[in-house]
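In: what shape does this take:
(one chain, ligands or ions: 2)
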Amino acid sequence: MGKVLAGAGLRGQVAGKTALSTVGKSGSGLTYRGYDVKDLANNCQFEEVAHLILKGALPTQAELDAYKKKLHGMRGLPQALKDVLERIPADAHPMDVLRTGCSMLGNLEMELDFGQQQDAADRMLACFPSIICYWYRFSHDGVRIDVETDDDSIGGHFLHLLHGEKPNELHEQVMHVSLILYAEHEFNASTFTARVCASTLSDIHSCITGAIGSLRGPLHGGANEAAMDMIQEFTSADHAEEQMMLKLAKKEKIMGFGHAVYSESDPRNEIIKGWSEKLAKDVGDTVLYPVSVRCEEVMKREKGLFCNADFFHASAYHFMNIPTKLFTPIFVMSRLTGWAAHVMEQRADNRIIRPSADYIGEELRPVTPISER
Ligand SMILES: CC(=O)SCCNC(=O)CCNC(=O)[C@H](O)C(C)(C)COP(=O)(O)OP(=O)(O)OC[C@H]1O[C@@H](n2cnc3c(N)ncnc32)[C@H](O)[C@@H]1OP(=O)(O)O
Ligand SMILES: O=C([O-])CC(=O)C(=O)O
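Out: Ligands and ions are numbered 1, 2, ... in the order given. I've put the predicted structure just below:
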């Protein structure tokens with residue numbers, strides 16, 4: 001399944017070791033600590049997978065109950081953080097809000113030594129949905145929400161805060177699957193950012209803040225929002241085909257397709273596509289899902305390119321009434337587990353990451369006095 005990896009962008013170069021995941025190697029193509037992502041998505045709740053990634057093993061029922069209880073108790077936000085969130089305008093990008101929220105949390109609840117890393121990671125896992133929804137509801141609806149819900153899951157907590165009511169079972173289930181699919185992916189750009197930062201022995205909030213910035217771009221996590229913006233313009237499957245052909249003729253990059261490592265398919269796509277179809281039936285959609293399927297067919301036929309994890313996430317989130325600009329922040333709520341585990345792994349066997357560059361600039365030359373330039 002692996003493709004020939006070479007060229008710019010450090011493609012194919014081994015930049016370190018990890019015991020956290022394999023991409024394009026075994027199972028369906030993606031494994032977390034030896035478990036196939038399909039197996040995890042079919043059989044686990046997200047909190048079980050977070051426990052696997054952060055603590056090293058799938059939890060027993062008692063461990064899961066205790067872990068959830070711990071996370072429930074960490075959902076609240078300090079007043080100073082709420083004050084900062086209230087000052088961020090409604091037209092800010094939610095990824096910037098999360099980046100600022102994470103950074104502010106690091107000021108208020110500093111990681112003073114690496115012995116606090118597990119608690120710091122759990123704290124972020126528990127309160128990132130609170131941060132994004134507190135800002136969103138305050139800036140868009142003018143309400144100061146109570147972020148300490150009794151929802152069982154992180155995904156349920158997020159949907160509850162966003163919509164002001166508990167989600168139905170189907171939506172909570174889709175959130176579990178989505179958060180599992182996005183949780184970890186080896187040395188992708190945002191994770192590598194976190195590891196580079198960790199390699200300087202920086203604090204965990206700095207590592208995660210940097211990673212959020214890297215995930216934001218449309219070539220990485222931002223692709224789910226860009227995909228939604230595109231499919232929303234198409235009024236039918238035929239219209240989608242016509243427009244896609246025009247985009248391809250103009251050599252436009254189509255967000256939500258292709259991958260830096262996978263060559264034939266992204267194993268996460270089949271899973272989220274199935275849930276998107278289920279949600280489409282649930283809401284009676286006759287446009288967005290068929291449009292998405294046609295885009296997939298056209299890209300395969302014309303370019304041999306396949307949907308990555310982001311493409312069908314767009315329609316799935318949309319069917320759950322999640323605003324497009326909150327799509328990538330959901331990715332953060334999940335990938336935080338992978339990032340934090342990579343920070344811990346880097347710290348456990350560290351050497352500062354400092355590659356070299358081929359110099360392509362001027363030859364050595366003297367400084368001309370300023371009066372003669
Ligand atoms: C969760 C995630 O982060 S998954 C990735 C999300 N990102 C996207 O969906 C953005 C769209 N996709 C892309 O830009 C790319 O496929 C990336 C960034 C994911 C991978 O980049 P690369 O490893 O450089 O891609 P790859 O080497 O396979 O590209 C081969 C060719 O296919 C083209 N190609 C790749 N993806 C696309 C696309 N989505 N649309 C159109 N053409 C594409 C490239 O331009 C390249 O053509 P070229 O040789 O003429 O320049
Ligand atoms: O691995 C990558 O390059 C991007 C990706 O799919 C992810 O981070 O989930």
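In: going forward, measure contacts and count neighbours with C-alpha atoms only.
Out: Fine.
In: burial check on the nearest residue to R195 once chain neighbours are set aside, number of neighbours?
Out: If the residues on either side of it in the chain are set aside, R195 comes closest to V343, at 5.6 Å by CA to CA, 6 or more residues apart in numbering. Counted by other CA atoms under 10 Å, the residues lying close to V343 total 28.
In: which residues sit against stretch 333-344?
Out: For stretch 333-344, contacts defined as CA atoms under 8 Å, 6 or more residues apart in numbering pick out 18, 20, 50, 53-54, 117, 121, 124-125, 128-129, 179-180, 182-185, 190-191, 194-195, 198, 204, 207-208, 211.
In: separate out the buried members of the residues you listed.
Out: The neighbour count (16 or more other CA atoms under 10 Å) marks 20, 50, 53-54, 117, 121, 124-125, 128-129, 179-180, 182-185, 190-191, 194-195, 198, 204, 207-208, 211 as buried among the contacts of stretch 333-344.
In: and stretch 315-323, how far out from the chain middle?
Out: Between the centre of stretch 315-323 and the centre of its chain there are 16 Å (CA atoms, centre = their mean, to the nearest Å).
In: now swap in stretch 341-348 and tell me
Out: 18 Å.
In: do stretch 361-369 as well
Out: 45 Å.
In: CA atoms only for it - export them in PDB, please.
Out: Provided in PDB are the C-alpha atoms of stretch 361-369 (Å, rounded to 0.1, in the frame of the first residue of the first chain):
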ATOM      1  CA  GLY A 361      22.200  31.900  -1.600                       C
ATOM      2  CA  GLU A 362      25.000  34.400  -2.500                       C
ATOM      3  CA  GLU A 363      28.700  33.600  -2.300                       C
ATOM      4  CA  LEU A 364      30.700  35.100   0.600                       C
ATOM      5  CA  ARG A 365      30.900  38.900   0.100                       C
ATOM      6  CA  PRO A 366      32.000  42.000   2.000                       C
ATOM      7  CA  VAL A 367      29.600  44.500   3.600                       C
ATOM      8  CA  THR A 368      29.500  47.700   1.500                       C
ATOM      9  CA  PRO A 369      29.600  50.800   3.700                       C
END
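In: and for whichever residue of the chain sits closest to ligand 2, the neighbour number?
Out: The chain approaches ligand 2 most closely through N188 (4.1 Å), counting by CA to the nearest ligand atom. Counted with other CA under 10 Å, residues neighbouring N188 total 15.
In: now do it against G73, distance only.
Out: From N188 over to G73 the distance is 31 Å, taken as CA to CA, to the nearest Å.
In: which non-adjacent residue is nearest the most centrally placed residue in the chain?
Out: When CA atoms, centre = their mean is applied to the chain, the residue found nearest the centroid is F331 (2.6 Å). Excluding the flanking residues, the one nearest F331 by CA to CA, 6+ apart is Y182, at 6.1 Å.
In: okay, the closest residue to V283 other than its chain neighbours: pLDDT?
Out: Take V283 and drop its neighbours on the chain: the residue closest to it by CA to CA, 6+ apart is F319, 6.8 Å away. F319 carries a pLDDT value of 98.
In: I'd say F319 and E277 touch.
Out: No. Checked against CA atoms under 8 Å, the pair F319 and E277 is beyond contact range at 9.8 Å.
In: who's more crowded, the two?
Out: Ranked by neighbour count (other CA under 10 Å), F319 and E277 place F319 first, with 23 against 19.
In: what about L108, how many neighbours?
Out: If we define neighbours as other CA under 10 Å, then L108 has 11 of them.
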